[in-house]
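> Fold the following.
(chains A, B, C and D)
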4 protein chains.
Amino acid sequence: MSDSLEAEATRRAAAMYAEDLASRSLGIEITGIAPGRADARMRIAATMVNGHHIAHGGYIFLLADTAFAFACNTYGAAVARSADIVFVESAREADELVAEARERTRFGRNGVYDVTVRRVDGAVVAEFRGYSRELRPPAE
Amino acid sequence: MSDSLEAEATRRAAAMYAEDLASRSLGIEITGIAPGRADARMRIAATMVNGHHIAHGGYIFLLADTAFAFACNTYGAAVARSADIVFVESAREADELVAEARERTRFGRNGVYDVTVRRVDGAVVAEFRGYSRELRPPAE
Amino acid sequence: MSDSLEAEATRRAAAMYAEDLASRSLGIEITGIAPGRADARMRIAATMVNGHHIAHGGYIFLLADTAFAFACNTYGAAVARSADIVFVESAREADELVAEARERTRFGRNGVYDVTVRRVDGAVVAEFRGYSRELRPPAE
Amino acid sequence: MSDSLEAEATRRAAAMYAEDLASRSLGIEITGIAPGRADARMRIAATMVNGHHIAHGGYIFLLADTAFAFACNTYGAAVARSADIVFVESAREADELVAEARERTRFGRNGVYDVTVRRVDGAVVAEFRGYSRELRPPAE
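Reported below is the predicted structural model:
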């Protein structure tokens, strides 16, 4: 892969992160970025726990969705169109979770990305698949 | 529907909400509950906005997932097994969102629930479908 | 709903069915049509049974997908972009299945449709959700 | 991987194929099998074409679902619980399609499998994800 594509992906991610108050407020860190790929990390806070005393599935989704968003924006501005998630194992307060987003295929302005969320001990917490759509460049 | 089923659904939801720090921390309110149904409401806070200056899809999912969780727990303890969401229209800071979860079908210990997320002006923001599984009662 | 919209939906469905060798070869009948809605019916043939001695899930999907296709084409030419299905109860050889496709929401050129597949005794066999995209009219 | 697991997977697939009238009637061949993996191949027949003059999405799903079924049954009897598919590029009459099913994760009696459907020229036609559940062994 050319240096310039790598550099462009990194530059885009940094600009996006600077503006992404939602991810930063939750302490999500982007720990890896490359064209079509992104890794994100989050610690389950006390305020992310639901009535079953486990991490609210919404926060697991949110972490996966963040990794997906960073991955699909490495090529240009893109938005999430839809996503699905299966919850494999529950996470608990103070667990460190890592989400790895990987491009599966792209066609036209569409993309399909797989995201696996794991605990740092390697156990799979969730499998997510996201569908993105690139925005059109503004007309000149 | 019998009064006792309604009363049981309401009682279960109140107990669940009391323990659900995740939903309460986000200011999510449960505004309606009945067997197989739940309505939830949330205001998009400044900390829920992403790098595209719109509500992070993860928070839209989280609201829908909360309504789904309350609906599928009206019969007994159940967990979300998987879910999918399609993003229809974006939401912005200060928007009030309402999620309506409705049971679609139940079979064995499984349930399928549809959740529509709308702005208070009625515009659809997202369509969510959740799959639940009832927990087994503890062996006696 | 205006008579002309109903008439247009019926006319479009008839033209589509005439060309749809796949559906006709399986004996699928379109038993109802209206804007955003279609009903389809199919009998499980001996050649639709898999190694577990039940109807191959692919044929259940195919019936639901056909109803979805007819429903989303009532407004204009549209294609299926993606779909998901949950299998509720199995079907057996000679079972008559009915699929009811109903529009859930439309936005831009996109549509979301729910399809329930039932046996004629009313038991739910599958719940399907389809996402469509309208084709652009040819440039003039 | 041990020879005995490979042999068991192959033995199970052969027994399943012998009984699977649905797949055999469509000319689907199982071209590869290993624990958690299966490859299937099908030629688009004239009777698989819909009113848009392209392969009916239901048949694309059916091929993917067959590869998935063979992959998730390599360990023991299992059934498809749900699945989703995104249609990437259309296929036409006489196209040869290949579906590669790969296990993504397993937990408890559940499995998640990814299936990519390609034309023999390598173009991706669809991405499918299937969720399986192993059957309990009969009580003794």
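> if I pick the most centrally placed residue in chain A, what's in contact with it?
Closest residue to the average C-alpha location of chain A: A:Ala67 at 1.2 Å, with Cα atoms, centre = their mean. Listed by Cβ atoms under 8 Å, 6 or more residues apart in numbering or on different chains, the contact partners of A:Ala67 are A:38-40, A:99-101, A:115. Bear in mind the C-beta positions are built from the backbone N, C-alpha and C, glycine included.
> Let's see which of those end up in strands.
A:38-40, A:99-101, A:115 (DSSP state E).
> just those now: which is nearest chain C?
A:Val115 (17.0 Å; Cβ to the nearest Cβ).
> other SSEs contacting the lowest-mean-pLDDT helix or strand in chain A?
Every helix and strand of chain A was ranked by mean pLDDT, DSSP states H and E. The lowest is helix A:3-19, at a mean of 89. For helix A:3-19, the packing partners by 3 or more Cβ pairs under 8 Å, 6 or more residues apart in numbering or on different chains; DSSP states H and E come out as strand A:29-34, helix A:57-72.
> low pLDDT regions in chain A?
Applying pLDDT under 70 to chain A picks out residues A:1-2, A:137-140.
> what does it have sitting close to chain B?
Proximity of chain A to chain B, by Cβ under 8 Å from any Cβ of the partner chain, involves residues A:15-23, A:25, A:46-53, A:55-59, A:61-63, A:65-66, A:69, A:77, A:79-87.
> Flag every residue of chain A that's near chain C.
A:82, A:84, A:131.
> Let's have those residues in a markdown table, adding neighbour count.
Formatted as a markdown table, these follow (neighbours: other Cβ atoms under 10 Å in any protein chain shown):
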| residue | neighbour count |
| --- | --- |
| A:Ser82 | 25 |
| A:Asp84 | 23 |
| A:Tyr131 | 24 |
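> Return the subset of those lying in strands.
Per DSSP E, those map to strands at A:82, A:84, A:131.
> Distance from the chain centre to stretch A:123-130, please.
11 Å (Cα atoms, centre = their mean, to the nearest Å).
> Which positions in that stretch come out as buried?
Of all the residues in stretch A:123-130, those buried under the rule 16 or more other Cβ atoms under 10 Å in any protein chain shown are A:124-130.
> quick one on the thing from earlier: ranking the helices and strands packed on helix A:3-19 by mean neighbour count, which comes first?
helix A:57-72 (a mean of 29; mean count of other Cβ atoms under 10 Å in any protein chain shown).
> Could you tell me how far it lies from the centre of the chain?
Distance of helix A:57-72 from its chain centroid, counting by Cα atoms, centre = their mean, is 4 Å.
> just curious, which of the residues of chain A next to chain C is nearest to D:Asp95?
The nearest member of the residues of chain A next to chain C to D:Asp95, counting by Cβ to Cβ, is A:Tyr131 at 24.0 Å.
> In a helix, A:His52, correct?
No. Judged by DSSP: H, G, I helix; E, B strand; the rest coil, A:His52 forms no part of a helix; its state is coil.
> What residues are bridge-paired with the closest residue to it other than its chain neighbours?
Spatial nearest neighbour of A:His52, excluding adjacent residues (Cβ to Cβ, 6 or more residues apart in numbering or on different chains): B:Val79 at 6.8 Å. When bridges are called by DSSP bridges, B:Val79 pairs up with B:Arg133.
> filter the buried residues of stretch A:123-130 down to the ones near chain D?
A:124, A:127, A:129.
> residues contacting the second one?
It stands for A:Glu127. Taking Cβ under 8 Å, 6+ apart, we find A:Glu127 in contact with A:85-86, A:88, A:114-117, D:104-105, D:112.
> Can I get these in a markdown table including neighbour count?
Shown next, in a markdown table, are the contacts of A:Glu127 (neighbours: other Cβ under 10 Å):
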| residue | neighbour count |
| --- | --- |
| A:Ile85 | 25 |
| A:Val86 | 23 |
| A:Val88 | 22 |
| A:Asp114 | 20 |
| A:Val115 | 26 |
| A:Thr116 | 20 |
| A:Val117 | 27 |
| D:Arg104 | 18 |
| D:Thr105 | 16 |
| D:Val112 | 21 |
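> What count of nearby residues applies to A:Val120?
11 (other Cβ atoms under 10 Å in any protein chain shown).
> likewise A:Ala14?
11.
> ok, now how distant is it from chain D?
For A:Ala14, the distance to chain D (Cβ to the nearest Cβ, to the nearest Å) stands at 30 Å.
> now do A:Ala99
14 Å.
> Bridged to that residue, which residues?
In beta-bridge terms (that is, DSSP bridges), A:Ala99 pairs with A:Ala40, A:Val117.
> Next, the contact list for it, please.
Taking Cβ under 8 Å, 6+ apart, one finds A:39-42, A:63-64, A:66-67, A:115-118, A:128 in contact with A:Ala99.
> related to what we said a few turns ago, in a markdown table, list the contacts of A:Ala67 along with distance to C:Leu135.
Output for these, formatted as a markdown table (distance: Cβ to Cβ, whole Å):
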| residue | distance to C:Leu135 |
| --- | --- |
| A:Ala38 | 33 |
| A:Asp39 | 38 |
| A:Ala40 | 37 |
| A:Ala99 | 35 |
| A:Glu100 | 36 |
| A:Ala101 | 31 |
| A:Val115 | 31 |
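> what's the farthest-apart pair in those?
Within those, A:Asp39 and A:Val115 form the most distant pair, 9.8 Å apart (Cβ to Cβ).
> For the two, list the residues in contact with both.
With Cβ under 8 Å, 6+ apart, A:Asp39 and A:Val115 have common neighbours A:67, A:99-101.
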